[in-house]
Structure formats: C-alpha cells, structure tokens
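Enquirer: structure for the following, please:
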Amino acid sequence: MAAITVKRVDPAQVTLKENVVAINRVTKVVKGGKNMSFSALVVVGDAQARVVGFGVGKAKEVPSAIKKGIESAKKNLRRINLLDNTIPHQVLGKFGAGLVMLKPAQDGTGVIAGGPVRAVVQACGIPNVLTKSIGSHNPHNVVKATINALEQLRDRNAVREMRGLTPEKM
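Expert: This is a model prediction of the structure:
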C-alpha cells in the first residue's frame, strides 16, 4: 500500500466539538499500594470544515485526563474528502486487529454506526453513511481504524490527476 501524506489542520481556524469516547481507570501496583489514574480517549471535529482528530490523555483525575486528550486531539486534526451528503466510495480502514468498513449511503439514511465509529463519523460531519466494525472492539483500535479509513477517501480530481487523465476522459 502506498504511503498517504496527511496535511495537518490549524485548530485555531475551525470551531471544534469534543466527544469523549472512552474513559479507563488504570491502577498501577507499587510497593506502597495502588496508584490510580485515568485514561481518556477523545474525538474532536468540525462538521462544517470536514475536519476530525483523536487524542488520548492520562491524569490522576478524569477532567484533567479529558482536557489532555482534547489538547492531544487538536494536534492530530485531518481534513476529510467527502461528497455533499456521503462518502465518495467504499473503504476499509485497518489498525491493529480492528477493521472498519465505510460505505456510501443515500440521502435520508443517516449514520448507521455504533459507539466509537459513530463518534468519529459525526465529528467529521458525514450525514449519511453505512459502517461495519469487524474484528477488535477495543475503542482505541476502532477509532484509529475509522480515521485510517477516512484518510483513504479520495475526491474525483485527485484520482484523475493520479491516473494522468484529462477532465474529458472522466
């Protein structure tokens, strides 16, 4: 598979909405007892600008873990190629043992997705899409696989230039 170059997006130029996907309580056993901390998986996105990103934050309290996750997600924003109301073509995203399939849908279908995939798709602003999560149900792997699938989407002009075709031949 060819390497995909991703252009980063400046978070100051978009209005982002945050969505907490998962919070884990982590316990580390040390000599003096147990040290508890929290890990938060956060998805941020702007539906108007078609921008999405995810981040993980770890801290001793839940609110500070979420805050760190949001800051991490803002550094990880990506622009997604979409049609007016759906995605341009079917795509399969992979990360670890997680597989996520995204399919275009007709107007009025809505977002047919569950849990972590729904969070990413809604943050990105896709109104009509069909999804299927295959393999791992770990929220971290599913979110990363969904982002991977969205990065693989290509618009018509990019495909035309890649193939070296003229606009008349498309």
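Enquirer: counting neighbours, what do you get for residue 39?
Expert: Neighbour count of residue 39, defined by other Cβ atoms under 10 Å: 18. Yep, even glycine has a C-beta here, placed from its N, CA and C like the rest.
Enquirer: please read the previous query as pertaining to residue 90.
Expert: Neighbour count for residue 90, taken as other Cβ under 10 Å: 11.
Enquirer: likewise for the one 3 residues further on?
Expert: Using other Cβ under 10 Å as the criterion, residue 93 is surrounded by 23 other residues.
Enquirer: buried ones in the one helix or strand it maps to?
Expert: Assigned by DSSP states H and E, residue 93 belongs to strand 91-95. Residues of strand 91-95 classed as buried: 91, 93, 94, 95 (neighbour count, 16 or more other Cβ atoms under 10 Å).
Enquirer: what's the spacing between the residue nearest to residue 108 when sequence neighbours are not counted and residue 73?
Expert: Closest residue in space to residue 108, ignoring its immediate chain neighbours: residue 128 at 7.2 Å, by Cβ to Cβ, 6 or more residues apart in numbering. In this structure, residue 128 and residue 73 are 25 Å apart, going by Cβ to Cβ, to the nearest Å.
Enquirer: quick one, which of those two is more surrounded?
Expert: Taking other Cβ under 10 Å, residue 128 and residue 73 do not tie; residue 73 has more neighbours (25 against 18).
Enquirer: is the more buried one part of a helix or strand, or is it coil?
Expert: Following DSSP: H, G, I helix; E, B strand; the rest coil, we place residue 73 in the helix state.
Enquirer: from now on call the first residue 336
Expert: Sounds good: first residue 336 from here, last item residue 408.
Enquirer: not counting sequence-adjacent ones, nearest residue to it?
Expert: Leaving aside its sequence neighbours, residue 408 sits nearest to residue 390 (Cβ to Cβ, 6+ apart; 3.3 Å).
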